[in-house]
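>>> got a structure for you, letters missing:
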């Protein structure tokens, strides 16, 4: 047996692989809506039966919410844990879809053929690339290439309330040499990526109260403190003239890029002007001295996501408000401690309050960044395997977002994760008319076959 025979089987079986994906996409497994509880269970059961047909020992495991799918198979080589999720986002607004979101189809676009359906990219199409690679191995060789555990969640799109308790209770069944997560993007259409840095996230809501009630601005304006003005000053003070965040000790644990990683990123040819131009902007507004790509992937941020106070309805009302609110999020990198930053931020706000104002805070979650140990030989092997499949060399990249499960694999199971996905930025995940490029699906299967071949050796 050679890898080339497995890749040939993948090519010749593509139509059947698409038929299987279409079956899964027809199941409306919307996890956040109780009306679709039975459909989530149906999707889990479908995956269990499909995995059993390949030779996995698979089962649907109950949780207080939707089931987890667990499967074990193979032996030898690097023991990998593959994670994906079978639940999908709601489809609203339905009137903006060009077709029934749960009636999948192959469509021709100006960029090639796409699979159009809810969940096509996030995450059913992605997780099926891995399962199809396993299927090709078993069909061609009679066995899996190495020891594989598959872990498919049914609540990722609704906050993963059962995930941590399940992982803690089943740590022995889940622990492997390395985790594989297929819920990310290609860098571009021809450049695969292994995401090795994920930013953490801290969310805070600040509520500042001044007078005991809303006041007439003609009668009280001037001598009376205005909470909106106080809050505006605090928000304005979050950054200095160089774009750096002014919260005390904020940059503790923020690493500098290695020369090797900086060279990889420079080689990607990221177009700052195009990136900003796509959203109607022209000038980078972040930290001075840092490239746009570095700001997105490797630097922390503080952003105001919403601010309210006073009268915001139609027309005009001359009110001096009692309360002003702001929602602030911090994206974190390296070893920044979200709990310490929360304490420092709250004290920093309190220190700026004038007389007659009080503040309260509401917590909206706190999670650290994830930085993978790319010295693990599995990372180099996977990078080489991806490079063999795609036109451009694979790169170790960062991500501006947060994927909590990667952090949990590290903190609960002491495993690093390789985040390897084949989605495109224009896939419209979470939006109407979600799609997954047929090329991504096909080359994604071939990519996993190459990676599993490399890890088996």
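Happy to help now that I have it. Note that the coordinates shown come from a computational prediction; the quantities given were computed from them, not determined experimentally. Numbers count the residues shown, from 1 in each chain.
>>> how many other residues sit next to residue 377?
Residues lying near residue 377 (other C-beta atoms under 10 Å) number 12. C-beta coordinates here come from the backbone N, C-alpha and C atoms, glycine included.
>>> just checking, residue 332 touches residue 203?
No - judged on C-beta atoms under 8 Å, residue 332 makes no contact with residue 203 at a distance of 11.3 Å.
>>> so where do the helices sit in the stretch 201-350 of the chain?
Using DSSP state H, counting those that start in this stretch, the helices found in the stretch 201-350 of the chain span residues 217-220, 227-236, 259-267, 272-277, 292-297, 338-350.
>>> between those, which one is nearest to residue 150?
The minimum distance between residue 150 and the helices of the stretch 201-350 of the chain falls on helix 292-297, with 28.7 Å, by C-beta to C-beta.
>>> list the buried residues in that closest one.
Buried residues in helix 292-297, counted by 16 or more other C-beta atoms under 10 Å: 293-297.
>>> chain center to it, what's the gap?
The chain centroid and the centroid of helix 292-297 are separated by 16 Å under C-alpha atoms, centre = their mean, to the nearest Å.
>>> which strands and helices lie in contact with it?
Under the contact criterion of 3 or more C-beta pairs under 8 Å, 6 or more residues apart in numbering; DSSP states H and E, the helices and strands touching helix 292-297 comprise helix 259-267, helix 272-277, strand 395-399.
>>> please redo it, this time with the cut-off set to 7 Å
Using 3 or more C-beta pairs under 7 Å, 6 or more residues apart in numbering; DSSP states H and E as the contact criterion, the elements in contact with helix 292-297 are strand 395-399.
>>> contact partners of the helix or strand bottoming out on mean pLDDT in the chain?
For the chain, scoring each helix and strand by mean pLDDT, DSSP states H and E identifies strand 370-371 as the least confident one, at a mean of 88. With C-beta atoms under 7 Å, 6 or more residues apart in numbering as the contact definition, strand 370-371 has outside contacts at 197-198, 334, 406-407, 410.
>>> tabulate those (TSV), appending pLDDT, neighbour count and secondary structure.
Putting the contacts of strand 370-371 into TSV (pLDDT from 0 to 100; neighbours: other C-beta atoms under 10 Å; DSSP: H, G, I helix; E, B strand; the rest coil) gives the following:
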residue	pLDDT	neighbour count	secondary structure
197	91	22	strand
198	91	30	strand
334	93	19	coil
406	91	26	helix
407	87	17	helix
410	90	18	helix
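>>> among those residues, which pair sits farthest apart?
Counting by C-beta to C-beta, the most remote pair of the contacts of strand 370-371 is 334 and 406, 14.8 Å apart.
>>> name every strand pairing with the helix or strand hosting residue 179 and say which way it goes.
If you go by DSSP states H and E, residue 179 is part of strand 178-181. Sheet pairing here is set by DSSP bridges, and for strand 178-181 it gives strand 80-85 (parallel), strand 417-419 (parallel).
>>> so which of the ones you listed is nearest residue 399?
When the strands paired with strand 178-181 are ranked by distance to residue 399, counting by C-beta to C-beta, first place goes to strand 417-419 at 7.4 Å.
>>> which positions within stretch 36-51 qualify as buried?
Residues of stretch 36-51 classed as buried by neighbour count (16+ other C-beta under 10 Å): 36, 39-41, 43-44, 46-48, 50-51.
>>> check the offset of it from the chain's centre.
Mean-position distance between stretch 36-51 and its chain equals 23 Å (C-alpha atoms, centre = their mean).
>>> give me the residues contacting it.
Applying C-beta under 7 Å, 6+ apart, the set of residues contacting stretch 36-51 from outside is 20, 23-24, 27-31, 58-60, 66-67, 69, 71, 86-87, 131, 150, 152, 154.
>>> what's the average pLDDT for that stretch?
For stretch 36-51, the mean per-residue pLDDT is 98.
>>> quick one: residue 33 from residue 48, how far?
Relative to residue 48, residue 33 is positioned 22 Å away (criterion: C-beta to C-beta, to the nearest Å).
>>> secondary structure class for residue 429?
Applying DSSP: H, G, I helix; E, B strand; the rest coil to residue 429 yields a three-state assignment of coil.
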